[in-house]
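1. give me a 3D structure for the following:
(2 chains)
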Amino acid sequence: MRRRFGIRTLATYGLLAAGSIVVAFPLLLAVSYSLMTESQIATFPPPVVPVGATLDNFASVLATIPIGRYLLNSFVVSTAVVVGQLVTASLAAYAFSFLVFRGRTLLFFLFLSTLMIPWEATIIPNYITIRAIGWLDTYQGLAVPFMATAFGTFLLRQAFLQIPRELWDSARIDGASSLRFFLSMVVPLSRPALGTVAIYGFLSTYNQYFWPLLITNETLMRTTQVGIAQLRFEETLRWGLVMAGVVMVATPTLALLVLGQRQLIRGLTAGAVKG
Amino acid sequence: MTRWTSRDVRSLMVGLAYLLPSLVLFAAFVFIPLGRTAYLSLFNTRSTGAITTFAGLDHYLELLTSPTFHQGILATALFVIYTVPLSIALGLVLAAMLNQRLRGINVFRTMMASTIAVSAAVGALIWLLMFNPSLGLLNYLLSRVGIPGPDWLIQPATAIVAVSITTIWLSLGTNIIVLLAGLQGVPEEIYEAARLDGARGVRMFRQITVPMVSPSLFFLLVVDTIAVLQTFTQIHLLTRGGPVDATRVLVYGIYLDAFQNFQFGFASAQAVVLFVLVMTLTVIQFRFVERRVHYQ
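-> Here you go, the predicted structure:
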């Protein structure tokens, strides 16, 4: 009996390991190729494991494109979006959960209605606007349009509704203003939900491609995604170089996945359960 | 409608003060632009985007007759059909595998969910290498099992498949996590009862697991379809809409007509079509969720 159990467990682990490797295979392959020389990449059959790993490709990336600057740009823009979203969404969620006023439901539906408007359907006028106010090739052009979030507002509202009403009542009796209650009670008590919104905002901004492609022309204003894609359009396509670029750009987000997995999962499943 | 007292007005003002930052941004970058898209779709423009003459419904009539647009709709439909069902089915199988209490299961969960954090640009560049006919691993593996690999991105029929494979991989992480959460919400007693009735393996999966996670499946069906309708990056990096418009999906058509051909009016008409499609899907989903909650 015990032995059979052991075999079954072993088989389960084997299956899980096989599945994980298949799913993560393209990523593992990118890492592997980033360590190969161009001549090894060109051998047949296509190699999977590097022979005598080299970091030359990473040095070439640094020499070919200003990747440090791209990373800086992406971090500045993504951080700005996160801060903006946390401020706008928590203020709005507070109004939708603690304050009582006429038209609240209607305004909440107005927020939700933004979820059915795809960014691509508004991209032409937005591009024209950003160009007209001179925000092409600027951080504000990359960040400001994304600083409000209906999804984040919705998520934070759910979290705020969990806060006991009695806290609010006693704070009001003590004469605290509604803004004071928001800053001293609601925000500290909702840190996990704020973390979810932050991770989401960061990931989705950092991984953007279409918008930064449209509104940046200067090399030094490009973000990471647009920057590495540039390697694909070099005259001679050097795969080791491209994969090294891919690894450098994907590492921060993969690190974020490992560190913030719980927050990410909460965000995804909130959407699934509540629609 | 009851009358507004001064207290009503005051509390509304306080509420609006908190909503103001979001409302300003939504107005500036969502609502007004949507209106301007609809407005632009009725006009001809200069290459700068400045309006020249009134076009009425001409752009929409042109969409009805344009072979390029028809091809675009066909490509979009194929893209959805190739991508969404497979991505959800694969996600469900992998999520079921991950739904076990085992030591170290989190390592496997993180690995399988890893594509959540992978950007479309990164995914597209990696798959660009995989699809490479001479250097790529995909055709080598196919040749090992006796299938001559196609020149993926050069032939119209396989180019849309290649873009779909890339997209399936990119969406797998999200699908796995959502379905895993759905599976974890199924009470253990239901499985116990089914096991007592003799259900095992595939039968258990089909008759218990799938129906129990049907809300998550439906959610993903809508959300993944909307995401596929909005796909741009993979197309831009893998095929640029070609060969012969085989991958010129709706969003890519908007990009080409607006930012390469500078026909902002005509492109805006396509953007309106995109909006109507996404809105319809979202409304269907809201309706469904409302009903489900209602009967629970």
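2. use CA for all of it now, contacts and neighbours both
-> Noted.
3. where does chain B dip in pLDDT?
-> Along chain B, the parts satisfying pLDDT under 70 run over B:1, B:289-296.
4. tell me the centre residue of it?
-> residue B:227 (1.5 Å; C-alpha atoms, centre = their mean).
5. contact partners of the helix or strand hosting that residue?
-> Applying DSSP states H and E as the criterion places residue B:227 in helix B:214-229. Under the contact criterion C-alpha atoms under 8 Å, 6 or more residues apart in numbering or on different chains, helix B:214-229 has outside partners A:272-273, A:275, B:76, B:79-80, B:83-85, B:88, B:167, B:171, B:175, B:178-179, B:182, B:249-251, B:274, B:278, B:281-282, B:285.
6. next one: it to chain centre, how far?
-> 8 Å (C-alpha atoms, centre = their mean, to the nearest Å).
7. can you check stretch A:144-161 too?
-> From the chain centre to the centre of stretch A:144-161 is a distance of 15 Å (C-alpha atoms, centre = their mean).
8. and what of stretch B:133-148?
-> Relative to its parent chain, stretch B:133-148 has a centroid offset of 29 Å by C-alpha atoms, centre = their mean.
9. list the buried ones in it?
-> When neighbours are counted by 16 or more other C-alpha atoms under 10 Å in any protein chain shown, the buried residues of stretch B:133-148 are found to be B:133-140.
10. can I get those residues in CSV with distance to chain A?
-> Listed next are these as CSV, based on distance: C-alpha to the nearest C-alpha, whole Å:
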residue, distance to chain A
B:133, 11
B:134, 8
B:135, 6
B:136, 7
B:137, 6
B:138, 9
B:139, 10
B:140, 7
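11. helices - which of the residues you listed land there?
-> Residues of the buried residues of stretch B:133-148 located in helices (DSSP state H): B:137-140.
12. check the gap between the residue nearest to the centre of chain B and residue A:133 for me.
-> 30 Å (C-alpha to C-alpha, to the nearest Å).
13. then residue A:70?
-> 24 Å.
14. tell me which of those two has more neighbours.
-> Taking other C-alpha atoms under 10 Å in any protein chain shown, residue A:70 and residue A:133 do not tie; residue A:70 has more neighbours (22 against 9).
15. so that one makes contact with residue A:229?
-> No. Residue A:70 is beyond contact range of residue A:229, at 11.7 Å (criterion: C-alpha atoms under 8 Å).
16. residue A:169 belongs to a helix, doesn't it?
-> Yes. Applying DSSP: H, G, I helix; E, B strand; the rest coil, one finds residue A:169 inside a helix.
17. what number of residues lie near it?
-> Neighbours of residue A:169 using other C-alpha under 10 Å come to 12.
18. up against chain A, what does the stretch 101-250 of chain B have?
-> B:108, B:110-112, B:114-122, B:125-127, B:129, B:135-137, B:140, B:169, B:174, B:177-178, B:181, B:216, B:219-220, B:230, B:232-233, B:237 (C-alpha under 8 Å from any C-alpha of the partner chain).
19. rewinding a little: and the residue nearest to the centre of chain B, how far from residue B:171?
-> Relative to residue B:171, residue B:227 is positioned 9 Å away (criterion: C-alpha to C-alpha).
20. show me what contacts the residue positioned nearest the centre of chain A?
-> For chain A, residue A:203 is the residue whose C-alpha lies nearest the centre (C-alpha atoms, centre = their mean; 0.7 Å). For residue A:203, the contact set (C-alpha under 8 Å, 6+ apart) comprises A:78, A:253, B:117.
21. can you pull the pLDDT of it?
-> At residue A:203, the pLDDT value in this model is 93.
22. after the host helix or strand of it, next one along is what?
-> Using DSSP H and E, residue A:203 sits in helix A:191-206. The helix or strand immediately downstream of helix A:191-206 is helix A:210-215, counting by DSSP H and E.
23. how far does that next one sit from the chain's center?
-> With C-alpha atoms, centre = their mean, you get 16 Å for helix A:210-215.
24. then stretch A:183-196?
-> Using C-alpha atoms, centre = their mean, the offset of stretch A:183-196 from its chain centre is 20 Å.
25. and what of stretch B:270-278?
-> With C-alpha atoms, centre = their mean, you get 14 Å for stretch B:270-278.
26. hmm, that stretch in reach of chain A?
-> Yes. Contact of stretch B:270-278 with chain A (C-alpha under 8 Å from any C-alpha) involves B:271-272, B:274-275, B:278.
27. let's verify whichever residue of the stretch 151-296 of chain B sits closest to chain A: helix, strand, or coil?
-> As assessed by C-alpha to the nearest C-alpha, chain A sits closest to residue B:271 within the stretch 151-296 of chain B, at 4.6 Å. With three-state DSSP as the basis, residue B:271 sits in helix.
28. list the buried ones in the biggest helix by length in chain A?
-> Longest helix in chain A, counting residues (DSSP H): helix A:2-34. Judged by neighbour count (16+ other C-alpha under 10 Å), helix A:2-34 contains these buried residues: A:12-13, A:16-17, A:19-21, A:23-24, A:26-34.
29. mind listing what's buried in whatever helix or strand comes next after that helix?
-> Next helix or strand after helix A:2-34 toward the C-terminus (DSSP H and E): helix A:38-41. Neighbour-count burial for helix A:38-41, with 16+ other C-alpha under 10 Å as criterion, is recorded at A:40-41.
30. report all helices and strands that helix A:38-41 contacts.
-> Judged by 3 or more C-alpha pairs under 8 Å, 6 or more residues apart in numbering or on different chains; DSSP states H and E, the packing partners of helix A:38-41 are helix A:239-259.
31. dihedrals phi and psi, residue B:54?
-> Backbone geometry at residue B:54, expressed as degrees, to the nearest 10, gives phi -70, psi 130.
32. that one touches residue B:42, doesn't it?
-> Yes. Taking contacts as C-alpha under 8 Å, residue B:54 lies within contact range of residue B:42: 6.3 Å.
33. more neighbours: those two, which one.
-> Legend: neighbour count by other C-alpha under 10 Å for residue B:54 and residue B:42, higher for residue B:42 (22 against 14).
34. for the more buried one, what are its contacts?
-> B:54-59, B:265, B:269.
35. and residue A:239, by the same measure?
-> Here residue A:239 is in contact with A:33-34, A:38, A:41, B:129 (criterion: C-alpha under 8 Å, 6+ apart).
36. so what does the following helix or strand past the helix holding residue B:227 touch, helix or strand wise?
-> Downstream of helix B:214-229, the first helix or strand assigned by DSSP H and E is helix B:233-238. The contact analysis (3+ C-alpha pairs under 8 Å, 6+ apart) places helix B:233-238 against helix B:120-130, helix B:156-184.
37. by contact count, what packs against the helix or strand following helix B:233-238?
-> Next helix or strand after helix B:233-238 toward the C-terminus (DSSP H and E): helix B:250-255. The helices and strands touching helix B:250-255, judged by 3+ C-alpha pairs under 8 Å, 6+ apart, are helix B:67-98, helix B:264-295.
38. if any of the residues of the stretch 101-250 of chain B next to chain A are buried, put those into a PyMOL selection.
-> Buried residues among these (16+ other C-alpha under 10 Å), as a PyMOL selection:
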select buried, chain B and resi 108+110+111+112+114+115+116+117+118+119+120+121+122+125+126+127+129+135+136+137+140+169+174+177+178+181+216+219+220+230+232+233+237
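39. how about the residues of the stretch 101-250 of chain A near chain B?
-> For the stretch 101-250 of chain A, the contact set with chain B under C-alpha under 8 Å from any C-alpha comprises A:101-103, A:114, A:116-126, A:128, A:145, A:147-149, A:203, A:207-210, A:225-226, A:229, A:232, A:239, A:242-243, A:246, A:249-250.
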